[in-house]
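Peer 1: quick one, what's the 3D model for this:
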Amino acid sequence: MTDPGHGGRATPPSERNGERPPLRPAARYDAVVIGTGIGGLTCAALLARSGRRVLAVERHDRVGGYAHSFRRGPYLFDAAVHLVGGCEDGGLIDQLLTSLGVRQRCQFESVDPCYRAEFPGFALAAPTGLAEFRAAHQEAFPDEAGGIASYLDDCATIRDETRRLMSGTQAAAQRTLEHFPTLHRLRRSTVEDALQPVVTNPRARAALTALWPYVGLPPKQMSFLYWASMLMSYVEDGSYYCKGTFQVFADTLADVVREAGGDVLLRTAVRSIETDTDGVRAVTLDGGRRIATQLVLSNADMRQTVEELVGADRFPARYRRHLDRLRPSVSAVVAYLATDLPAAAISAAHETFAFDSWDHGQSYDGTMNGSPSWYTLTVPTTIDPSLAPQGETLVVYTTLVAFDAVSDWRSNKQRYHDRIAGQLEARVPGSASRIKILEIGTPQTMLRYTCNSAGALYGWELSPDQIGPTRPSSTAPVPGLYLAGHWTQPGGGIYGVVTSGVLAARAMLGLDSDEDLWNSLR
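Peer 2: Model (predicted):
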């Protein structure tokens, strides 16, 4: 079988269809990667292309984690990822794929506007391009023009300083906060802390922060440092959708591992990571097979890694206490719909945030008590019509919900089904009779497929006290054990976990900077 999204390379049917291909009997591996979310795949591909023989182990029947896709009849859905930044020439994802020699295998389509924000009696299409984004908000709130410019300048500066700090391009002697003045000044700030002094109109602040569900916290609670970097990755660099779904991106990284002589093992769990006083020695797979290795990267849930795979007693007490204090992020209810309504009847944009209140704190309260009134609509067929039969539209409905807001998600699934259908009917009268399929995933679904604590979407919560040096780094305090994914620095989202995979690969290869890494692959 040939996968048209992978440059015509023949791919073994067993690997594409989710079957478990056998390991080569005498295979030896320089590194084992546990979990094939995008962070783990990024690191695995970089290690493999650097000449290491890599084994990537995945308990699901396909790679990608939250970036995987699935079919329902003739419809192809992304599970959770809607947009990504860093795909422009020289951007992080462009640089990753180019350095791996597979850039041509992924076609990223530009999305503009980045999103549409709807509030009672008001709507704003947020364009990509920093100047255009600024102008759109200044036109909507002319009395706040100066404050909007100041706020976005801070966002751009934070993004630039963060990128320089994490890429390692700054001289080692200058990698202290004193050399990053805006980071230093705002490192403990929430978005509200940074925004309220310069933009006084609460509606202008709400419009500027409509993307908060992408971080999973309202402006009064989310880290300004993380928010600014994320916002600029979409607005300043551009927003993109991966044609054919983001599974193409994940499969491309997995194929790099295979093509370099490594293996990707699906439908297989790791039972344990064996260590001794010198560090990692092996992993044991489900079924009892032991794989000797001195390098392990875990892209799995961090508490599971520490407590179940390694054993908490192998970690310093201080490290364990810190993990015990960290809080997982929120989860979500996601509905996957197909309809014969035209896309324009549902939304004027690929991504729409529909709020029934200008108060994001109030909207978040509904999230936490299990009764969210706001939602996001993603209409991927506006960018890639091939995902559904001609004349049909795919819609992904998302609303954040706390995992423990409902005691039994199975028995409450119908309640959420009816709520979602009702919200769509209110938005587009007559839509209920035009829905061809409607399938719902709950926080329990997220837990079952990812094993993320509390079905977390973004790893640890992205609050000021859980980003930067207070978030676990890629290097664990057990020699030979490394970490990637949204539980580690810098945080959640595709851009964040790709960064985590790059940081882990650098650490495992003993390289000081991203530039050193890219150069080593030429």
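
Peer 1: mind checking how far the closest residue to Arg159 other than its chain neighbours is from Ser69?
Peer 2: Once flanking residues are discounted, Arg159 sits nearest to Met232: 3.8 Å by CB to CB, 6 or more residues apart in numbering. (Glycine included, C-beta is placed from N, CA and C.) Using CB to CB, to the nearest Å, Met232 is found at 27 Å from Ser69.

Peer 1: which strands and helices lie in contact with whichever strand or helix holds Glu109?
Peer 2: Element membership for Glu109, per DSSP states H and E: strand 108-111. Packing partners of strand 108-111 (3 or more CB pairs under 8 Å, 6 or more residues apart in numbering; DSSP states H and E): strand 239-242.

Peer 1: coming back round to it: I'd say the residue nearest to Arg159 and Thr162 touch.
Peer 2: No: Met232 is beyond contact range of Thr162, at 9.3 Å (criterion: CB atoms under 8 Å).

Peer 1: tell me how many other residues surround the residue nearest to Arg159.
Peer 2: 22 (other CB atoms under 10 Å).

Peer 1: where's it, which helix or strand?
Peer 2: helix 224-235.

Peer 1: give me the contacts around that helix.
Peer 2: Residues outside helix 224-235 that contact it (CB atoms under 8 Å, 6 or more residues apart in numbering): 83, 85-86, 114, 126, 128-130, 133, 154-156, 158-159, 162-163, 183, 186-187, 189-191, 193-194, 209, 211-212, 214-215, 462, 464, 467-468, 490-491, 493, 495-496.

Peer 1: export that helix as CSV, just CAs?
Peer 2: The C-alpha trace of helix 224-235 is given here as CSV (Å, rounded to 0.1, in the frame of the first residue of the first chain):
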residue,chain,number,x,y,z
PHE,A,224,1.1,35.4,30.6
LEU,A,225,4.4,34.0,29.6
TYR,A,226,2.9,30.9,28.1
TRP,A,227,-0.1,32.8,26.7
ALA,A,228,2.0,35.4,24.9
SER,A,229,4.2,32.8,23.2
MET,A,230,1.2,30.7,22.1
LEU,A,231,-0.7,33.7,20.8
MET,A,232,2.2,35.0,18.8
SER,A,233,2.9,31.5,17.3
TYR,A,234,-0.5,31.8,15.7
VAL,A,235,-0.8,35.5,15.1
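
Peer 1: how about Tyr66: what's its closest non-neighbour residue?
Peer 2: Ala80 (4.1 Å).

Peer 1: mind checking which helix or strand that neighbour is in?
Peer 2: Using DSSP H and E, no helix or strand contains Ala80.

Peer 1: Val334 is in contact with that one, correct?
Peer 2: Yes: using CB under 8 Å, Ala80 is in contact with Val334, at 6.9 Å.

Peer 1: that older thread, how near is the residue nearest to Arg159 to Gln138?
Peer 2: 17 Å.

Peer 1: looking at the chain, which helix or strand does the model trust least?
Peer 2: Least confident helix or strand of the chain, by mean pLDDT, DSSP states H and E, is helix 13-16 with a mean of 44.

Peer 1: neighbours around Glu428, how many?
Peer 2: Residue 428: Val, not Glu. A count of nearby residues for Val428, using other CB under 10 Å, gives 15.

Peer 1: backbone phi and psi for it, please?
Peer 2: phi -130, psi 90 (degrees, to the nearest 10).

Peer 1: quick check: closest non-adjacent residue to Leu511.
Peer 2: Leu517 (5.1 Å).

Peer 1: ignore what I typed, I meant His137.
Peer 2: Ile148 (5.1 Å).

Peer 1: what mean pLDDT does the helix or strand harbouring the one you found get?
Peer 2: In this assignment (DSSP H and E), Ile148 forms part of helix 145-167. Averaging pLDDT along helix 145-167 yields 92.

Peer 1: ok, stretch 122-130 next?
Peer 2: Mean pLDDT, stretch 122-130: 97.

Peer 1: got the buried residues for it?
Peer 2: Residues of stretch 122-130 classed as buried by neighbour count (16 or more other CB atoms under 10 Å): Leu124, Ala126, Pro127, Thr128, Gly129, Leu130.

Peer 1: next, give phi and psi for the third one.
Peer 2: When read as degrees, to the nearest 10, the backbone of Pro127 gives phi -80, psi 160.

Peer 1: from Val235, how far out is it?
Peer 2: Pro127 is 8 Å from Val235, by CB to CB.

Peer 1: so what sits against both of the two?
Peer 2: Common contacts of Pro127 and Val235, defined by CB under 8 Å, 6+ apart, comprise Cys114, Phe133.

Peer 1: the strand or helix carrying Arg205 packs against which elements?
Peer 2: Element membership of Arg205 [criterion: DSSP H and E] is helix 202-208. Using 3+ CB pairs under 8 Å, 6+ apart, the elements in contact with helix 202-208 are strand 115-119, strand 122-126, helix 130-140, helix 145-167, helix 191-195.

Peer 1: contacting residues for Glu192?
Peer 2: Contacts of Glu192 (CB under 8 Å, 6+ apart): Arg205, Pro219, Lys220.

Peer 1: nearest to Leu297, of these?
Peer 2: Pro219 (33.9 Å; CB to CB).

Peer 1: still on that earlier bit, output the contacts of Glu192 as JSON lines; include the columns distance to Leu394, neighbour count and pLDDT.
Peer 2: Shown next, in JSON lines, are the contacts of Glu192 (distance: CB to CB, whole Å; neighbours: other CB atoms under 10 Å; pLDDT from 0 to 100):
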{"residue": "Arg205", "distance to Leu394": "33", "neighbour count": "23", "pLDDT": "98"}
{"residue": "Pro219", "distance to Leu394": "30", "neighbour count": "23", "pLDDT": "98"}
{"residue": "Lys220", "distance to Leu394": "34", "neighbour count": "15", "pLDDT": "98"}
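
Peer 1: neighbours of Pro389, how many?
Peer 2: Neighbour tally, Pro389, other CB under 10 Å: 14.

Peer 1: ok, for it, nearest residue in space, not its chain neighbours?
Peer 2: Closest to Pro389 by CB to CB, 6+ apart is Pro74, at 5.2 Å.

Peer 1: so where's this protein shaky on pLDDT?
Peer 2: Across the chain, residues meeting the criterion (pLDDT under 70) sit at 1-27, 169-177.
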